[in-house]
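**Student:** Okay, sequence plus prediction incoming.
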Amino acid sequence: MNNSLNRRGLVQVYTGDGKGKTTAALGQALRAAGRGHKVVMVQFVKGDSNTGEHFFVKKCPFLEILQPNQGNCFVQPREELKAAVDQALSLARERLSSGRYDMVILDEIFIAADMGLVTEADVLQLIDSKPEKTELVLTGRHAQPEVVRRADLVTEMLMIKHPYTEGTSARPGIEY
């Protein structure tokens, strides 16, 4: 862990129906890595590593992304997705408790909870086990009220307009 962090790590939540939750977390990761802080992102339900962030981390020694799910979470069998989410939860616990990281990002953990693949108690346990100086960032739609209450920073992304509704497909380098 980078000893230049001389402060208490906070709990940040990015939630809501709008675009930008993972993007905000990656912005935090970019800033932290740019300062030489060690960052890990654990992706809970995403199964596509053909994304800009995955290409970028191959070039950045201070940032890693762990993505146990290799399938399409929208169509894969629930048992397969549950096994991947269980692995993500195990990785999150291990990485968070290791003390090796200045920032731990749990990407789409709230979606996993909303789908019944992790419990609110699991999420709260992760918050409670956070080392004092580690920044913990959690993302996904439908953050639980108790998580919101315990977090230090909560941002809700509100969708006002999105090109998907007009038929625009996801674009490489922008949406993924």
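**Tutor:** On my side now, so go ahead. All figures in this text were calculated on a predicted structure; none of them were measured in a lab.
**Student:** Need phi/psi at the most centrally placed residue in the chain.
**Tutor:** What sits nearest the mean C-alpha location of the chain, by Cα atoms, centre = their mean, is Asp107, with 1.7 Å. With angles defined as degrees, to the nearest 10, Asp107 sits at phi -80, psi 130.
**Student:** Against Leu26, how distant is the nearest residue to it once chain neighbours are set aside?
**Tutor:** Distances taken as Cβ to Cβ, 6 or more residues apart in numbering place Gln43 nearest to Asp107, at 4.5 Å, with adjacent residues excluded. Bear in mind the C-beta positions are built from the backbone N, C-alpha and C, glycine included. The spacing between Gln43 and Leu26, counted by Cβ to Cβ, to the nearest Å, is 11 Å.
**Student:** Tell me who's in contact with the residue nearest to the centre of the chain.
**Tutor:** 22, 25, 41-44, 46, 139-140 (Cβ atoms under 8 Å, 6 or more residues apart in numbering).
**Student:** which parts of the helix or strand of the chain with the lowest mean pLDDT are buried?
**Tutor:** Lowest by mean pLDDT, DSSP states H and E among the helices and strands of the chain is helix 52-57, with a mean of 86. The neighbour-count check on helix 52-57 (16 or more other Cβ atoms under 10 Å) flags 53-54, 57 as buried.
**Student:** longest single helix anywhere in this protein?
**Tutor:** Identified as the longest helix of the chain according to DSSP state H is helix 78-98.
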